[in-house]
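Engineer: can't give you the sequence, but here's the structure:
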């Protein structure tokens with residue numbers, strides 16, 4: 001089976017014409033027709049149906065072409081990287097929870113990559129289950145998952161079942177962030193009664209599919225609160241907290257740079273018993289790249305600065321303007 005024939009079939013499907021496809025491919029029409037017939041013969045299907053009005057694609061042909069487009073796209077990408085390119089491009093993709101300390105660590109990681117390096121980097125914030133799926137599909141080499149420690153057994157069994165390696169990054173209790181103008185901003189310690197009447201901002205995608213939504217809500221949400229705003233985008237949460245003084249949010253410890261930038265303060269709730277874990281994951285057998293190792297080192301550094309240290313916030317401070 002010739003990969004070039006896949007490209008020929010895709011071109012014919014796009015133009016709906018042998019002659020137009022041949023012109024686009026800079027080849028003779030008889031040669032293209034012969035190649036398509038050879039492809040159909042080798043597959044044992046009819047891809048295109050010739051009619052007086054032109055060429056149509058058969059149902060079997062549509063199914064084949066879905067695969068052909070993916071294959072030719074990957075071949076084109078390989079050629080672009082390794083044949084046409086002057087140097088090999090570094091690629092890095094990661095899925096992470098919506099966490100400010102990880103975002104700061106990622107910024108430091110990108111800053112330390114040499115300016116002369118050709119690179120493509122993808123950073124996606126999402127829930128634990130989507131991160132696991134993306135790692136399993138190979139869309140990213142590594143990921144970071146977050147879950148409440150009461151779900152340890154579930155996730156450990158899931159990692160074993162999916163053949164995933166896990167490496168613990170951090171274990172912590174959530175803190176509360178509010179505007180510096182919030183009615184509870186000056187309280188030393190926050191009680192559940194203090195949260196009553198306020199609006200909780202929370203991320204809206206659950207991450208434990210084996211549990212009912214009711215159980216997830218009970219495990220995750222503040223019992224004393226009956227007002228909530230659900231968000232997917234981490235950026236909007238800071239805008240809401242900054243502009244609506246009656247909102248609050250449970251988060252992992254936040255770097256001082258974010259608190260200062262958005263006029264927020266960080267508080268501890270005295271009855272908070274929930275602990276969370278952040279873990280690196282990757283597929284068994286996957287060989288970590290140099291960029292993977294650099295990212296892991298950067299996040300571990302950030303975790304030490306923002307979670308382990310009582311006076312976190314010095315990491316990345318050169319990026320803060322004096323006017324913030």
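Structural biologist: That came through fine. Not measured: the values here are computed from a predicted model.
Engineer: Show the residue spans covered by the strands in the chain.
Structural biologist: Counting by DSSP state E, the segments of the chain that form strands are 48-51, 54-57, 90-96, 119-125, 142-148, 164-173, 175-179, 189-190, 199-203, 228-231, 247-251, 264-269, 275-283.
Engineer: and the first one, which residues are buried?
Structural biologist: Think strand 48-51. residue 48 (16 or more other C-beta atoms under 10 Å). Bear in mind the C-beta positions are built from the backbone N, C-alpha and C, glycine included.
Engineer: distance between that strand and the chain's centre?
Structural biologist: Centroid displacement of strand 48-51 relative to its chain, using C-alpha atoms, centre = their mean, to the nearest Å, is 43 Å.
Engineer: on contacts alone, who are the packing partners of that strand?
Structural biologist: Judged by 3 or more C-beta pairs under 8 Å, 6 or more residues apart in numbering; DSSP states H and E, the packing partners of strand 48-51 are helix 3-15, strand 54-57.
Engineer: So what touches stretch 46-60?
Structural biologist: 9, 12-13, 16-18, 36, 39-40, 45, 61, 64-65 (C-beta atoms under 8 Å, 6 or more residues apart in numbering).
Engineer: Please pick the buried ones from the residues you listed.
Structural biologist: Buried among these (16+ other C-beta under 10 Å): 9, 12, 13, 18, 36, 39, 40, 61, 64, 65.
Engineer: Among those, which are located in helices?
Structural biologist: The helices, defined by DSSP state H, take in 9, 12, 13, 18, 36, 39, 40, 61, 64, 65 from the buried ones among the contacts of stretch 46-60.
Engineer: Tell me which residues touch the last one, please.
Structural biologist: Contacts for residue 65 (C-beta under 8 Å, 6+ apart) come out as 9, 10, 13, 47, 57.
Engineer: which non-adjacent residue is nearest the third one?
Structural biologist: Using C-beta to C-beta, 6 or more residues apart in numbering and skipping residues adjacent in sequence, the residue nearest residue 13 is residue 65, 5.4 Å away.
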